[in-house]
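> here is a sequence together with a model predicted from it:
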Amino acid sequence: MEKKEPEEPYDAMADRIKTMIREMPQIQPPVRLLPAVMEAVKAKRGPLWLRAYRWARSPISVTFTPLRLVSAMALSALLVFSAFFLHERQNRNITLAESHKSIPVVFALDMPDAHSVQVIGSFNNWVPQPCELRKDNGAVRWILTVSLQPGRYEYAFLVDRKHMPHPHAELYQDDGFGDKNSVLALLIADSHVPVEVSAQKAQTDVTHAVEEARKAAIDDATLKGLLALGYEKGVEPESMANLVRIVSEVKMENLPLEPFVSKIKEGMAKGVPAGTIERVLNQKRQDYQFTRLVAADYLKKNGLPQEVAFEELVAFTESLYSGLSREDLTHTMEQSPTASLSILNRAVHLRASLKQLEFDEKLSDQIVSTGLEHNFFTPQQCGFARAIVAGKRKGLSDSKIAEAALLTMRNGGTVAGFCSQIGISSSDMTQHGPQIISPTCSMTGT
């Protein structure tokens, strides 16, 4: 059995440790050690660009005392009243979401051999929505049903991750980036109103651009969305600042903001260089300015209130990217009798469809002018352009289609009667673009 040594008393142990510490040699640390350590542990501020992104992703908390709450409520009531008053007196333009009920729209693509199909468009911020492969009217199709407000939308399919416009759409539009999108026009309701120095500088530019955007009354949700998407897609700060500035200028010019924000998101989603997006936005801005002037002149000439609703301005301007020239748009307005802008927009949409079909120019002119003369372009006739597309792609001659179209218009007929005259069935109609599910829209001849 081993003999256990007695434990050293605690006080004796402590004294021995103190003696050993005192006898240790004194060594001076390197001169740069302390600054280096302090620099390493110091909290660093990120660049302005990164801080803007973090701000865009952070929730905001607000604390009220009872007195502040009462004051804030009173101020809010005043702001709401003022905004309503200014809206009614100075800017009666309406947004699509405020003025109409949503409409079910079915996107269908006959490509059963594809592994995946998604829909991207201006209505979903170009975020892919998957389609479901199922049987539809005896055929196997990729189907997606969404509810949309009346308006004009660009869209395309992603087939096995490859961009593809709808092969049977009634209208296409250049996206400005070297590709094409399909166009869906839901013009159903009438208008309610006839870290180097250079990097630091770039980051400062972004901050300044955001401040200017706020002064232009662009909401924080829009700014946060653009900043977060730009950071995610690796957009350079200087380019991001330029994009924000363009949006601010559009807002200050009282142009519709949504088409420009949507085009930025589309360009980033498609990996388009920021410089190209800027060029497209500047051209779009000029087009909107031109269209607003033309529409205002038309209203003035016809003695109508010279207020162009945003939804009408969007529809007119976006037709310029569907093959129509400025001259085509001006000509259509000049030959039109007095009509609401919503009626005129349907005529412009039809002319764009006819031009893309390479329809006889003189016959196209007759169809459009006759339709305007007989007030044919109502919401109930919204399937007319699609019927012409179906007839043309079925091999019918331009003259036969035009003859039936003119007869229908002059006799106060319907799309159903027109389809019957040229031998177009319901299945022929549903093959050309998304199906609109609406009781006011005669799409299939039933």
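Cool, the structure landed.
> from what I see, residue 366 and residue 403 are in contact.
No - using C-beta atoms under 8 Å, residue 366 is not in contact with residue 403, being 10.1 Å away. C-beta: built from backbone N, CA, C; applies to glycine.
> for the stretch 201-350 of the chain, which residues score under the pLDDT cut-off?
201-204 (pLDDT under 70).
> which residues of it fall in strands?
In the stretch 201-350 of the chain, no strands are defined using DSSP state E, counting those that start in this stretch.
> now do the helices in it.
Here the stretch 201-350 of the chain has its helices, by DSSP state H, counting those that start in this stretch, at 220-232, 237-252, 258-269, 274-301, 310-318, 326-334, 341-356.
> out of the ones you listed, nearest to residue 157?
helix 258-269 (14.1 Å; C-beta to C-beta).
> just the buried residues of the closest one, please?
Judged by neighbour count using 16 or more other C-beta atoms under 10 Å, the buried positions of helix 258-269 are 259-268.
> picking up where we left off before, got a markdown table for the helices of the stretch 201-350 of the chain, with distance to residue 155 too?
Shown next, in a markdown table, are the helices of the stretch 201-350 of the chain (distance: least, C-beta to C-beta, whole Å):
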| stretch | distance to residue 155 |
| --- | --- |
| helix 220-232 | 19 |
| helix 237-252 | 22 |
| helix 258-269 | 10 |
| helix 274-301 | 18 |
| helix 310-318 | 13 |
| helix 326-334 | 23 |
| helix 341-356 | 16 |
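> can you check which of those gets nearest to residue 411?
Among the helices of the stretch 201-350 of the chain, helix 341-356 sits nearest to residue 411 (C-beta to C-beta), with 18.2 Å.
> just checking, next helix/strand downstream of that closest one?
Using DSSP states H and E, the helix or strand that follows helix 341-356 towards the C-terminus is helix 361-373.
> packing partners of that following helix?
For helix 361-373, the packing partners by 3 or more C-beta pairs under 8 Å, 6 or more residues apart in numbering; DSSP states H and E come out as helix 341-356, helix 398-410.
> give the contact list for residue 306.
Residue 306 is in contact with 296, 299-300, counting by C-beta atoms under 8 Å, 6 or more residues apart in numbering.
> swap in residue 323?
172, 352, 355-356.
> wait, what's in contact with the nearest residue to residue 247 once chain neighbours are set aside?
Distances taken as C-beta to C-beta, 6 or more residues apart in numbering put residue 260 closest to residue 247, at 5.8 Å, once the chain neighbours are dropped. Residues in contact with residue 260 (C-beta under 8 Å, 6+ apart) are 246-247, 250, 281, 284-285.
> max pairwise distance over the residues you listed: which two?
Top of the distance list for the contacts of residue 260 (C-beta to C-beta): 247 and 284, 11.4 Å.
> follow-up on the earlier one: can you list the contacts of residue 323 in CSV and add neighbour count and pLDDT?
Shown next, in CSV, are these (neighbours: other C-beta atoms under 10 Å; pLDDT from 0 to 100):
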residue, neighbour count, pLDDT
172, 20, 84
352, 27, 90
355, 18, 91
356, 18, 90
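> tabulate the residues you listed (TSV), appending distance to residue 394.
Shown next, in TSV, are the contacts of residue 323 (distance: C-beta to C-beta, whole Å):
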residue	distance to residue 394
172	19
352	20
355	19
356	16
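> which among those gets closest to residue 105?
Proximity of these to residue 105 (C-beta to C-beta) peaks at residue 172, which lies at 17.5 Å.
> quickly list what the closest one is bridged to.
Counting by DSSP bridges, residue 172 is bridged to residue 182.
> residue 182 is in contact with that one, correct?
Yes - in this structure residue 172 lies within contact range of residue 182 using C-beta under 8 Å: 5.9 Å.
> that older thread, determine which two of the contacts of residue 323 are furthest apart.
Spatially, the most separated pair among the contacts of residue 323 is 172 and 355, at 10.8 Å (C-beta to C-beta).
> coming back round to it: reformat the contacts of residue 260 as CSV; add distance to residue 387 and neighbour count.
Putting the contacts of residue 260 into CSV (distance: C-beta to C-beta, whole Å; neighbours: other C-beta atoms under 10 Å) gives the following:
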residue, distance to residue 387, neighbour count
246, 40, 18
247, 39, 23
250, 37, 21
281, 36, 23
284, 31, 21
285, 35, 18
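> CSV for these, including distance to residue 428?
Output for the contacts of residue 260, formatted as CSV (distance: C-beta to C-beta, whole Å):
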residue, distance to residue 428
246, 43
247, 43
250, 41
281, 39
284, 35
285, 40
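> out of these, which is nearest to residue 414?
Using C-beta to C-beta, the contacts of residue 260 come closest to residue 414 at residue 284, 36.3 Å.
> number of residues surrounding the closest residue in space to residue 240 that isn't next to it in sequence?
Excluding its sequence neighbours, the residue lying closest to residue 240 (C-beta to C-beta, 6+ apart) is residue 230, at 4.4 Å. Neighbourhood size, residue 230 [other C-beta atoms under 10 Å]: 25.
> ok, now residue 181?
Residues near residue 181, counting by other C-beta under 10 Å: 27.
> same thing with residue 219?
Neighbour number of residue 219 under other C-beta under 10 Å is 11.
> and the one 4 residues further on, by the same measure?
The tally of other residues near residue 223 (other C-beta under 10 Å) stands at 20.
> would you agree it is in contact with residue 212?
No - distance between residue 223 and residue 212: 10.8 Å, which falls outside the contact criterion (C-beta under 8 Å).
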